[in-house]
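Colleague: Quick one: sequence and predicted model below, then my questions.
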Amino acid sequence: MAFDDVRNRRRKPREMKSIIENDGDDDNRTAGSRPEIRGAITKVSGPVISAKGMRGSRLYDVVYAGDAGILGEIICLDHDSAVIQVYEESDGICPGEPVVNTGRALSATLGPGLLGSINDGTQRNLGAIFEKAGDFIKRGLRIDALPGGREWEFVPALKPGCTVSFGDVLGTVKETSLITHSIMVPEGINGKLESISQGKKKIADPIAVVDGKAVFMTQEWPVRRPRPVLGFLGSNVPLVTGQRVLDTFFPIAKGGTATIPGPFGSGKTVTQHQIAKWADADVIVYVGCGERGNEIADILEEFPTLKDPKSGKPLMERTIIIANTSNMPVAARETSIYTGITIAEYYRDMGLDVALMADSTSRWAEALREISSRLEEMPGEEGYPAYLSERLSKFYERAGRCRLHSGKNGKERQGSLTIIGAVSPPGGDFSEPVTQSTLRITKAFWGLDSRLANQRHYPSINWNLSYSLYLDDLEEWYSNKVSMEWRELRDEAMKLLEEEARLSEIVKLVGPDALPERERITLEVAGMLREDFLQQSAYDPVDTYTSLKKQNLMLKAILAFREYATVMLENGRTVDEMRNDPIREKISRFPTLPEEKLQEINDVIKKMFYFGEAGSGAVNADNVGSGGEKPK
């Protein structure tokens with residue numbers, strides 16, 4: 001084909017301009033804002049459908065395609081033709097079947113009733129689907145995201161006559177025993193508050209009238225557009241997870257971003273489960289994006305049985321689950337991420353601390369790659385679309401600790417949204433595009449190691465590979481709230497682990513007996529760090545969560561043992577004797593020591609310091625293990 005023929009087939013500049021002008025930035029459109037557009041299907045290619053007769057449509061308009069009315073979204077326009085990605089199975093859909101454009105952007109329904117719910121990627125409530133359709137989801141099934149028949153006790157916070165605007169809290173609803181839900185003025189409504197209700201209301205009942213417009217307990221928000229904030233605050237408050245390797249060595253700030261890359265079976269999902277269970281966030285949003293069905297089933301079975309560590313109430317009272325399994329339509333993986341983060345932003349706007357777990361963004365990237373290939377776009381590295389980094393950036397940049405819109409009648413609120421995304425690089429290759437693109441965006445990197453997982457060392461976070469860029473920002477908080485020694489102890493432990501890595505290479509060549517005894521003690525203490533501190537059981541009722549105070553004491557005890565052992569060596573003890581020292585045995589039991597018995601750790605530390613300072617030949621194995629009394 002001649003070059004001129006190819007050039008003539010390209011889209012004209014005028015037509016391209018019209019598409020750019022309608023690139024989805026105007027996401028405030030509502031149903032009925034334009035005449036209904038009806039087209040017809042011309043081509044079906046998996047989750048991608050082409051249709052004609054769609055002139056007047058805009059990018060990211062929601063459509064219902066085919067006789068079954070399956071949900072889809074316009075992702076490309078050309079003249080009167082549109083390309084649609086559908087979020088349900090397209091099997092059996094034929095050319096000629098109708099396409100109806102709703103004129104609305106894909107949006108999440110926000111309001112009371114979200115907490116404790118389990119939804120699919122398009123926010124259909126899976127519990128309601130089960131009651132209506134049984135075990136299998138039928139195509140075209142439309143389910144309300146929130147329970148419309150439930151009544152909520154609405155308590156007004158404002159009086160008629162005041163002027164309100166976006167972000168003002170009209171009143172509150174006790175959504176669960178743990179979370180009080182703030183009913184905020186939606187975007188686009190402002191003016192005089194003419195009336196406000198009180199008492200039991202359903203979400204379909206108006207609760208207030210502002211400048212002649214009815215306000216309800218629910219609002220809709222386009223999932224691809226971030227909810228606005230007034231500004232961002234510093235990353236100087238940690239998200240405490242109760243996981244020792246994270247809180248002490250590689251902490252994340254509230255409002256921060258972290259990535260957990262690792263090969264199959266290395267423990268990404270379990271690590272995210274642990275963070276979801278124990279993190280000191282007010283609300284948890286867990287997005288299972290393209291995960292195996294058995295893993296999602298484990299979440300659905302386990303989470304309702306968990307107790308909130310602070311209140312003793314069921315954890316589901318502050319948790320929202322977006323379940324999108326690997327056998328669901330590939331396009332729904334993308335929307336599940338956006339739906340989850342929009343819901344998380346909504347609760348952040350109430351002044352809450354929210355943590356979002358995305359497991360995993362690799363499945364999301366694979367969905368982008370499949371859709372891109374069906375659109376015949378120019379592929380980038382390893383077939384991923386050239387805009388992969390941009391999409392990842394837009395997702396992670398919605399995190400932050402923020403100053404929030406509070407309207408004209410409320411005090412300024414602050415909230416945070418922390419994003420922790422898992423990545424599943426094929427074969428554990430961290431140089432692949434999704435991992436590398438994510439590393440350029442996130443500030444905490446928790447790299448999982450299949451070698452550690454094979455050794456049953458969990459969480460299998462490689463301490464020589466991982467890092468956190470929040471250390472300097474969080475140092476003041478840790479110094480004030482935990483210990484002035486926190487950073488010093490942490491850095492000393494990291495140097496010890498690095499020294500172990502160097503000595504391990506020598507041991508492989510000449511064996512451990514060739515090392516000086518002082519360096520053999522270094523290997524022993526580094527082993528204690530790995531086994532008694534970095535390793536943590538998710539299934540032990542005590543070890544599954546460790547407070548910051550206990551973490552600091554445990555680390556201090558292990559590092560004190562190094563000084564203690566060095567003094568003992570100088571007084572005639574051997575490395576083998578120190579390995580079997582009663583104090584060494586006590587330290588190994590610290591992970592399962594209950595929080596109310598932390599004084600025992602202090603007692604062991606004092607004993608080691610006493611004998612270390614004594615440093616005399618009178619110190620022997622008998623009086624070291626005798627309970628802490630002075631040697632006679």
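Modeller: Received, thanks.

Colleague: Point out where this protein drops to low pLDDT.
Modeller: For the chain, the stretches with pLDDT under 70 are 1-35, 410, 612-632.

Colleague: what about 80?
Modeller: Applying pLDDT under 80 to the chain flags the ranges 1-36, 135-138, 291-311, 327-329, 407-411, 513, 610-632.

Colleague: Sheet partners, orientation included, of whichever strand in it runs longest?
Modeller: Ranked by residue count and defined by DSSP state E, the top strand of the chain is strand 413-423. Strand 413-423 has the following sheet partners, assigned by DSSP bridges: strand 257-261 (parallel), strand 353-359 (parallel), strand 400-404 (antiparallel).

Colleague: Quick one, which of these gets closest to residue 52.
Modeller: Smallest distance to residue 52 across the strands paired with strand 413-423 (CB to CB): 36.2 Å, for strand 353-359. All C-beta spots, glycine's among them, are computed from the backbone N, C-alpha and C.

Colleague: Other residues contacting the closest one?
Modeller: Where contact means CB atoms under 8 Å, 6 or more residues apart in numbering, the residues beyond strand 353-359 that reach it are 239, 254, 268-269, 272, 275-276, 279-289, 291, 337, 340-341, 344-345, 347-348, 364, 395, 399, 415-422.

Colleague: how distant is it from the center of its chain?
Modeller: Mean C-alpha position of strand 353-359 versus that of the full chain (CA atoms, centre = their mean, to the nearest Å) differs by 3 Å.

Colleague: Following that strand in sequence, what is the next regular element?
Modeller: As assigned by DSSP states H and E, the chain's next helix or strand after strand 353-359 is helix 361-374.

Colleague: Remind me what that following helix packs against, helices and strands.
Modeller: Judged by 3 or more CB pairs under 8 Å, 6 or more residues apart in numbering; DSSP states H and E, the packing partners of helix 361-374 are strand 283-291, helix 331-348, helix 388-396, strand 413-423, helix 433-439.

Colleague: Give me the distance between the spatially most central residue of the chain and residue 421.
Modeller: By CA atoms, centre = their mean, the chain has its centre lying nearest to residue 357, at 2.2 Å. Distance of residue 357 to residue 421, computed by CB to CB, to the nearest Å: 8 Å.

Colleague: Longest helix in the protein, please.
Modeller: helix 486-510 (DSSP state H).

Colleague: and the next element down the chain from that one?
Modeller: Next helix or strand after helix 486-510 toward the C-terminus (DSSP H and E): helix 517-529.

Colleague: Buried by neighbour count: which residues of that following helix qualify?
Modeller: Buried residues in helix 517-529, defined by neighbour count with 16 or more other CB atoms under 10 Å: 519-526, 528-529.

Colleague: and if you look at stretch 406-426?
Modeller: In stretch 406-426, residues buried by neighbour count (16+ other CB under 10 Å) are 406-407, 409-410, 413-425.

Colleague: rewinding a little: take the helices and strands packed on helix 361-374 and lay them out in TSV including distance to residue 586.
Modeller: Shown next, in TSV, are the helices and strands packed on helix 361-374 (distance: least, CB to CB, whole Å):
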stretch	distance to residue 586
strand 283-291	36
helix 331-348	43
helix 388-396	43
strand 413-423	34
helix 433-439	40
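
Colleague: who wins for proximity to residue 553 among these?
Modeller: Here strand 413-423 is closest among those (CB to CB), at 26.3 Å.

Colleague: tilt between that closest one and helix 388-396?
Modeller: On the basis of axes from the mean of the first three to the mean of the last three CA atoms, to 10 degrees, strand 413-423 is oriented at 140 degrees to helix 388-396.

Colleague: and the angle for strand 413-423 with strand 283-291?
Modeller: 20 degrees.

Colleague: tell me how far strand 413-423 is from the chain's mean position?
Modeller: 6 Å.

Colleague: Send over it as CSV, restricted to the C-alpha atoms.
Modeller: The C-alpha coordinates for strand 413-423 follow below in CSV (Å, rounded to 0.1, in the frame of the first residue of the first chain):
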residue,chain,number,x,y,z
ARG,A,413,-10.7,18.1,58.5
GLN,A,414,-7.6,15.9,57.9
GLY,A,415,-7.6,12.4,56.5
SER,A,416,-5.2,10.0,54.9
LEU,A,417,-5.3,7.4,52.2
THR,A,418,-2.5,4.8,52.1
ILE,A,419,-2.0,2.6,49.1
ILE,A,420,-0.2,-0.8,49.3
GLY,A,421,-0.1,-2.5,46.0
ALA,A,422,1.2,-6.1,45.3
VAL,A,423,3.1,-6.9,42.1
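
Colleague: coming back round to it: which of the contacts of strand 353-359 count as buried?
Modeller: For the contacts of strand 353-359, a burial check counting by 16+ other CB under 10 Å picks out 239, 254, 268-269, 272, 275-276, 279, 281-289, 291, 337, 340-341, 344-345, 347-348, 364, 395, 399, 415-422.

Colleague: so which of the helices and strands packed on helix 361-374 comes closest to residue 225?
Modeller: Closest to residue 225 of the helices and strands packed on helix 361-374 is helix 331-348 (CB to CB; 8.4 Å).

Colleague: CA atoms only: put the closest one into PDB for me.
Modeller: In PDB, the C-alpha atoms belonging to helix 331-348 read as follows (Å, rounded to 0.1, in the frame of the first residue of the first chain):
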ATOM      1  CA  ALA A 331     -11.800  -5.600  31.600                       C
ATOM      2  CA  ALA A 332     -13.400  -5.600  35.100                       C
ATOM      3  CA  ARG A 333     -10.000  -5.800  36.700                       C
ATOM      4  CA  GLU A 334      -9.300  -2.200  35.600                       C
ATOM      5  CA  THR A 335     -12.500  -0.800  37.000                       C
ATOM      6  CA  SER A 336     -12.100  -2.800  40.300                       C
ATOM      7  CA  ILE A 337      -9.000  -0.700  41.100                       C
ATOM      8  CA  TYR A 338     -10.800   2.600  40.300                       C
ATOM      9  CA  THR A 339     -13.900   1.600  42.200                       C
ATOM     10  CA  GLY A 340     -11.900   0.600  45.300                       C
ATOM     11  CA  ILE A 341      -9.900   3.800  45.400                       C
ATOM     12  CA  THR A 342     -12.900   6.000  44.900                       C
ATOM     13  CA  ILE A 343     -14.600   4.400  47.900                       C
ATOM     14  CA  ALA A 344     -11.400   4.800  49.900                       C
ATOM     15  CA  GLU A 345     -11.300   8.600  49.000                       C
ATOM     16  CA  TYR A 346     -14.900   9.000  50.100                       C
ATOM     17  CA  TYR A 347     -14.100   7.700  53.600                       C
ATOM     18  CA  ARG A 348     -10.900   9.700  53.700                       C
END
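
Colleague: That helix vs strand 353-359, what angle?
Modeller: Taking the same axes, to 10 degrees, helix 331-348 and strand 353-359 form an angle of 170 degrees between their directions.

Colleague: Could you check the angle helix 331-348 makes with helix 361-374?
Modeller: 130 degrees.

Colleague: follow-up on the earlier one: quick check, nearest of the buried residues of helix 517-529 to residue 588?
Modeller: Each of these was scored against residue 588 by CB to CB, and residue 528 proved nearest at 7.5 Å.

Colleague: Distance check, the residue nearest to the centre of the chain against residue 563.
Modeller: Counting by CB to CB - residue 357 and residue 563 are separated by 40 Å.

Colleague: quick one on the thing from earlier: which one of the helices and strands packed on helix 361-374 lies closest to residue 51?
Modeller: Nearest to residue 51 among these is helix 331-348 (15.4 Å), distances taken as CB to CB.
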